[in-house]
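Novice: here is my input; please provide its structure:
(one chain, ligands or ions: 1)
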Amino acid sequence: MTQENAPSPAYTMGYSPEFLQLLDRRNAAIHAAHLLPHLEPGMRVLDFGCGPGTITVGLAQAVHTGEVHGVDMEDSQIELARAAASAGGHQNATFHVGNVYDLTFEDNYFDVAHCHAVLMHVGYTQRALSEIRRVLKPGGIIASREMIAASSFSEPMGETTHEAWATFIKLLEANGGHPEMGKELKSHLLNAGFVNISATGSFDYFSSAADIAFLHAFICDWFFMPRVIEAATQLGLATQEQFDRWRLEMDRWKDEPGAVGGLAFGEAIGRKPI
Ligand SMILES: C[S@@+](CC[C@H](N)C(=O)[O-])C[C@H]1O[C@@H](n2cnc3c(N)ncnc32)[C@H](O)[C@@H]1O
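Specialist: Modelled structure (predicted):
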């Protein structure tokens, strides 16, 4: 297994082109729909765990001429995000390599802190939220959208496909992640001292022929890549034979006229007390 794109103990998904296919489809209009009504021109926004910045640039557009700062622990993602902002002319978006546990921003700096599919991968939720609370202004907004992995599906489900979903969940857990974070957000935000929390749920839903083809290719390229199989088998979560069977079932699923897929998410928005 090469280290570069490996699902590391700290971050299951890795940074391979196979996984970036999924992030490339994301945008603020859909994936930060719960936050956009709260954004106003001139606001200062943090997007932590910004990845390749496909959502961040939409936030930059929404608060123009305010500032958006994207932070990610991975250099390659920050390079991609800078390229996306430059290509789209988003001069108010700045990107930094950094860790959500220890941000370089001063206290009370941001009007809004946003993340998408990040707290599900961050081991110490309260430590991260306490750092976010520090950099938010009193009254500032925290917004997060995270996966509810056990409520995600590909239907009609093959005989043992549920085992594949369960293995993905166990892999996230083995790496210190929180596969059900989407439905735990409200509790975590309350525990971290945020107030006025509103929580909602939504799906990234796949139904058209193009969407099914995309989801099938994504699952096959990512979940069945040798390094993911190696990680899962070495941890004793599944066998190569199971992966072989699941792969055949995924191929059958793609050709089902009734095929649909859903990635389930929970969103929560709250405020730092004034
Ligand atoms: C699933 S990706 C989501 C990227 C982007 N928010 C999106 O939804 O398209 C998770 C990102 O969080 C970053 N990340 C994970 N833990 C982090 C940490 N402790 N500090 C900063 N970034 C982190 C990873 O490097 C990765 O780019």
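
Novice: you'd agree residue 55 is up against residue 29?
Specialist: No - counting by Cβ atoms under 8 Å, residue 29 is not a contact partner of residue 55; they are 9.4 Å apart. For the C-beta atoms, the positions are set from N, CA and C on the backbone; glycine is no exception.

Novice: quick one: the strands in the stretch 101-250 of the chain, in order.
Specialist: Taking DSSP state E, counting those that start in this stretch to define them, one finds strands in the stretch 101-250 of the chain at 110-116, 136-147, 153-155, 195-206.

Novice: the more surrounded of residue 55 and residue 29?
Specialist: A count of neighbours by other Cβ atoms under 10 Å puts residue 55 above the other of residue 55 and residue 29, at 27 against 12.

Novice: list the contacts for that one?
Specialist: Taking Cβ atoms under 8 Å, 6 or more residues apart in numbering, we find residue 55 in contact with 26, 27, 28, 31, 32, 47, 114, 116.

Novice: of all the strands of the stretch 101-250 of the chain, which one is nearest residue 189?
Specialist: Checking the strands of the stretch 101-250 of the chain against residue 189 by Cβ to Cβ gives strand 195-206 as the closest, at 5.1 Å.

Novice: point to the residue nearest the middle of this structure.
Specialist: Residue closest to the mean C-alpha point of the chain, counted by Cα atoms, centre = their mean, is residue 117 at 1.9 Å.

Novice: could you list the buried residues of the lowest-mean-pLDDT helix or strand in the chain?
Specialist: Least confident element among the helices and strands of the chain, by mean pLDDT, DSSP states H and E: helix 17-24 (a mean of 87). Of all the residues in helix 17-24, those buried under the rule 16 or more other Cβ atoms under 10 Å are 18, 19, 20, 22, 23.

Novice: got it, and stretch 73-80?
Specialist: For stretch 73-80, using 16+ other Cβ under 10 Å, the buried residues are 73, 74, 77, 78, 80.

Novice: just these: which are in helices?
Specialist: In helices, judged by DSSP state H, the following of the buried residues of stretch 73-80 are found: 77, 78, 80.

Novice: how much space between the second one and residue 167?
Specialist: Distance, residue 78 to residue 167, by Cβ to Cβ, to the nearest Å: 31 Å.

Novice: any chance you could map the helices in the stretch 101-250 of the chain?
Specialist: For the stretch 101-250 of the chain, the helices defined by DSSP state H, counting those that start in this stretch occupy 125-135, 161-174, 181-191, 209-223, 226-234, 240-254.

Novice: how about the second one and the ligand, any contact?
Specialist: Pointing back at helix 161-174 there. No - counting by Cβ under 6 Å from any ligand atom, the ligand is not contacted by helix 161-174; separation bottoms out at 10.7 Å.

Novice: let me know the angle separating that helix from helix 226-234.
Specialist: Using axes from the mean of the first three to the mean of the last three Cα atoms, to 10 degrees, the inter-axis angle of helix 161-174 relative to helix 226-234 is 90 degrees.

Novice: quick one: buried residues of stretch 33-47?
Specialist: Result for stretch 33-47 [16+ other Cβ under 10 Å]: buried residues 34, 35, 38, 39, 43, 44, 45, 46, 47.

Novice: and stretch 227-236, by the same measure?
Specialist: So for stretch 227-236, counting by 16+ other Cβ under 10 Å, buried means 227, 228, 229, 231, 232.

Novice: is the fourth one in contact with residue 171, as I believe?
Specialist: Yes - taking Cβ under 8 Å as the contact criterion, residue 231 and residue 171 are neighbours in contact, 6.6 Å apart.

Novice: one step back: so which of the buried residues of stretch 33-47 comes closest to the ligand?
Specialist: residue 47 (7.0 Å; Cβ to the nearest ligand atom).

Novice: quick one on the thing from earlier: next up, the contacts around the residue nearest to the centre of the chain.
Specialist: Residue 117 makes contacts with 49, 145, 146, 147, as judged by Cβ under 8 Å, 6+ apart.
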